[in-house]
Every structure is written in structure tokens, then in C-alpha cells.
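Undergrad: Okay, sequence plus prediction incoming.
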Amino acid sequence: MLTILELPVLNDNYIYLLHDPVSGETAAVDPAVAQPVLDVLEQKGWRLTTILNTHHHSDHVGGNLELKQKTGCTVIAGVSDQHRIPGFDRGVVDGDAVTLGKHTARVISTPGHTSGHVVYHFAGDNALFCGDTLFVMGCGRLFEGTAEQMWRSLQKLKALPASTQIYCAHEYTQANGRFALTVEPGNRQLQQRMEVIDQLRANHLPTVPSTIEQELATNPFFREDSLALQEAIKMVGKKPVEVFAEVRRLKDCF
Ligand code: ZN
Ligand code: FE
């Protein structure tokens, strides 16, 4: 079993520490800052072997150099981001495998939020580390990509097994859910989920991880096929990618 720790840092970021007890290898996914990672490594007696970056934004790579300098870990990121990932060692492309002991992640290229964004799917561990591509009930803003690119990226994630655990890089769930309710107010599962989420946040508890199954039922960026959603945003009969683009546009001005 892969041990997965979720570290809340900065305002709303999550760093994930993945530890394989058999090999002793440990990976940090998107270390925004170094110190909280170093603290956990020391507490647990773990050695950091790998950094997995999803993209180059500073709230995802801010701890790279210090962690690399103090642990000698290898920094892995999308190859097209090699010039803007601090400490970059190894570039990956869609379909590549990344291992942590006997655990293997497949790299999925997901341009849209940024052009070089990649996500890491540990199929054997049922876990997806998706950075700023997919959020709980949301998706990343389109900084360097088109709606069409992001839509295609999200289609790849939609096709993963329904039970896949979604480890995204931000706690944006409550705001995302409030927006989701405006485009699909009659979605019962969404209403019920928001009650649970509001309760969790009132107690300062994380809402991440989620699952692909939960996202299919409640994430408006996965629900361009919903007639109720199409009606609410006046996009009935439009192409799925056009419906998606309109949901993204509405969220940007929400
Ligand atoms: Zn980002
Ligand atoms: Fe981010």
C-alpha cells in the first residue's frame, strides 16, 4: 500500500506526500513550500526521493530547490516545462511511467490551465494527482490553453475508473460548489453534497480527495451532457465543448 499524506499549506494549497514502505521511496507532489515537507519527513523518518510537479506555477514548485538541495531528490515534470521548473531533472510526456518502488503512475498530459500541465495516475493505488486541471466540483482556469484543449484533457480524466480518488492541488470546493448550484440548481446529489461540504469546512476539514464518480454526478465541468445544465445556461443543442466553454466563461465571472 502507498501511504498518502495530505498537507494543507499557504491559503488553500495541498501538498501530497506519497510513501512506499517497501522500498522506502517518498514523493512530494507539487511542493509549494519546503518546510512542512521537511517537517513530516523528519517526523516519519522518511527520505524524499522524488518531486512530481504537475505544472510550473509558483504555488506548485516553490519548495523544489530547497527540497532538492536538502534531500537530493529527483524533480520530475512535463518535458515542455523544463525551462520553467526549478531544479528540473527528468521530463515526462503523455503515457510515460513514473515509479515509486513497485507503484507505477502513468503520466497523462492535460493542457489547458497551462500548456505543459501533466497529471499522475497511480492505477494500482486508485489515485490521481491532478494539480490544477480538475478540482472538486471545478476545473483550472484557462491561463495558457483553449476551452477545447481543457475539455479534451478533462475527457481523459472522465474516462478513468469511477472509484479513482481525486487528489487536486487546491481546496476550492466550497466556492466551486456555490457556482455549480447556479448552473444546475435542481441537481439533488449536488445539493446533498454541498451540505456535507459546508459541514466539513465549518469544521476546517479537507474536502479532498473526491472520486471520479462524485465528480461525474456534481462537477459542472464534467456535466456538459446534462440537459438541466444546458437549459440553465441556454446552451441546449450545442456541442459538448461549447457547453463546457460557456460553463468556464460563467465561472470566470462568478
Ligand atoms: Zn496553477
Ligand atoms: Fe495552483
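TA: That came through, no problem. Model, not experiment: these values are computed from the prediction. Ligands and ions are numbered 1, 2, ... in the order given.
Undergrad: Quick check: residues of the stretch 1-150 of the chain near ligand 2?
TA: Within the stretch 1-150 of the chain, the positions near ligand 2 by Cβ under 5 Å from the ion are 59, 132. Backbone N, C-alpha and C define where each C-beta goes, glycine included.
Undergrad: The stretch 1-150 of the chain: helices as residue ranges?
TA: According to DSSP state H, counting those that start in this stretch, the stretch 1-150 of the chain carries its helices in the segments 35-44, 58-61, 64-71, 147-158.
Undergrad: tell me the angle of the third one relative to helix 35-44?
TA: It stands for helix 64-71. On the basis of axes from the mean of the first three to the mean of the last three Cα atoms, to 10 degrees, helix 64-71 is oriented at 30 degrees to helix 35-44.
Undergrad: Check the longest one too.
TA: Taking the same axes, to 10 degrees, one finds that helix 147-158 is oriented at 10 degrees with respect to helix 35-44.
Undergrad: Let's see helix 147-158 as PDB, backbone CA atoms only.
TA: C-alpha atoms of helix 147-158 as PDB (Å, rounded to 0.1, in the frame of the first residue of the first chain):
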ATOM      1  CA  ALA A 147     -11.500  25.700 -23.800                       C
ATOM      2  CA  GLU A 148     -11.200  22.900 -26.400                       C
ATOM      3  CA  GLN A 149      -7.800  21.800 -25.000                       C
ATOM      4  CA  MET A 150      -9.100  21.800 -21.400                       C
ATOM      5  CA  TRP A 151     -12.200  19.900 -22.400                       C
ATOM      6  CA  ARG A 152     -10.100  17.200 -24.200                       C
ATOM      7  CA  SER A 153      -7.900  17.000 -21.100                       C
ATOM      8  CA  LEU A 154     -10.900  16.600 -18.800                       C
ATOM      9  CA  GLN A 155     -12.300  13.900 -21.100                       C
ATOM     10  CA  LYS A 156      -9.300  11.800 -20.400                       C
ATOM     11  CA  LEU A 157      -9.900  12.100 -16.700                       C
ATOM     12  CA  LYS A 158     -13.600  11.400 -17.000                       C
END
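Undergrad: Buried residues, it. List them.
TA: Buried residues in helix 147-158, counting neighbours by 16 or more other Cβ atoms under 10 Å, are found at 147, 149-154, 157.
Undergrad: What lies in contact with it?
TA: The contact list for helix 147-158, computed with Cβ atoms under 8 Å, 6 or more residues apart in numbering, reads 108-113, 117, 119, 128, 130, 133-134, 139-140, 142, 145, 212, 216, 221-222, 224, 240-241, 244-245, 248.
Undergrad: are any of the residues you listed buried, and which?
TA: Buried subset of the contacts of helix 147-158 (neighbour count, 16+ other Cβ under 10 Å): 108-113, 117, 119, 128, 130, 133-134, 139-140, 142, 145, 212, 221-222, 224, 241, 244-245, 248.
Undergrad: so where do the strands sit in the stretch 101-250 of the chain?
TA: 103-109, 118-122, 127-131, 134-135, 138-139, 165-168, 210-211 (DSSP state E, counting those that start in this stretch).
Undergrad: Please render the ones you listed as JSON lines that adds mean pLDDT to the earlier fields.
TA: Formatted as JSON lines, the strands of the stretch 101-250 of the chain follow (pLDDT from 0 to 100):
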{"stretch": "strand 103-109", "mean pLDDT": "98"}
{"stretch": "strand 118-122", "mean pLDDT": "98"}
{"stretch": "strand 127-131", "mean pLDDT": "98"}
{"stretch": "strand 134-135", "mean pLDDT": "98"}
{"stretch": "strand 138-139", "mean pLDDT": "98"}
{"stretch": "strand 165-168", "mean pLDDT": "98"}
{"stretch": "strand 210-211", "mean pLDDT": "98"}
